[in-house]
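Novice: 3D, please:
(one chain, ligands or ions: 1)
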Amino acid sequence: MFITFEGGEGSGKTTQATLLATALRTAGHAVHLTREPGGCPAAEAVRQLLFASHQTFTLTAELLLMAAARAEHVTRTIRPALARREVVICDRFSDSTYVYQGCGGGLDAALIAAVDAVATGGLVPDLTLLLDLDPAAGLHRIATTGRSTNRFDTRPLAFHATIRDGFLQRAAKAPERIVVVDASQTAEGVMAAIWQAVQARMVL
Ligand code: TMP
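Specialist: Below you'll find the model as predicted:
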């Protein structure tokens, strides 16, 4: 089973992905927890390149770098883990590209779909957990938890509001795959909602 987490900056998806991995392991499942961009050595190197504060790329180059990282990750990490019947939990995947490079950056959705199809080879998550949070609250969390920021976090609030809307629009178009979770709840409340959504889709 392939599960992805999506959401804006500071939505808590990394924490929740880790909690879900622990809960599934406790329930007896083999779990591979990973992230994008990244998740294998070559893709982590692309991540470094993308987030280096001195380096900027055109939007098209950014899309292609995200896709290059994804192609490596899908081929070298995700598909082999799924073939071993592990549950793969990935912190961000294709939805982030549609939303950040598409809704946020303004790239055409058809172009993103074409590039992403090459990167994924058609792999689509079985379940996507969208952690929805007011972007001002998310940025506040980042500022107060001392998490390190990258040049992607430091864009204006209006950009983050566009990202939130973009994710919600994608969820409205694919309600069978994307479950919207209210990320303003306590971490325990968010975890409970996630566990319910996962349980509904797999025999635990
Ligand atoms: P995060 O995983 O720590 O939240 O940060 C990853 C950043 O990369 C985040 O700002 C979203 C961005 N991103 C894209 O713009 N497009 C993508 O396809 C992916 C996977 C991430």
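Novice: for the residue nearest the centre of the chain, give its distance to residue 199.
Specialist: In the chain, the residue lying closest to the centroid (CA atoms, centre = their mean) is residue 92, at 1.3 Å. According to CB to CB, to the nearest Å, residue 92 stands 23 Å off from residue 199. (C-beta placed from N, C-alpha, C; glycine too.)
Novice: ok, now residue 161?
Specialist: Going from residue 161 to residue 199 by CB to CB gives 32 Å.
Novice: so for these two, which sits in the more crowded spot?
Specialist: Neighbours per residue, other CB atoms under 10 Å: of residue 161 and residue 199, the larger number sits with residue 161, 14 against 11.
Novice: spell out which residues of the protein are next to the ligand.
Specialist: Selection of the chain residues close to the ligand by CB under 6 Å from any ligand atom yields 9, 36-37, 66, 91-92, 96-97, 100-101, 152.
Novice: 8 Å instead, please
Specialist: Within the chain, the positions adjacent to the ligand are 9, 13-14, 35-37, 47, 50-51, 62, 66, 69-70, 91-94, 96-97, 99-101, 104-105, 150, 152-153 by CB under 8 Å from any ligand atom.
Novice: in stretch 74-85, what's buried?
Specialist: Within stretch 74-85, the residues that count as buried by 16 or more other CB atoms under 10 Å are 74, 77-79, 81-82.
Novice: residue contacts, the residue nearest to the centre of the chain?
Specialist: Shown in contact with residue 92 (CB atoms under 8 Å, 6 or more residues apart in numbering): 4-6, 13, 35-37.
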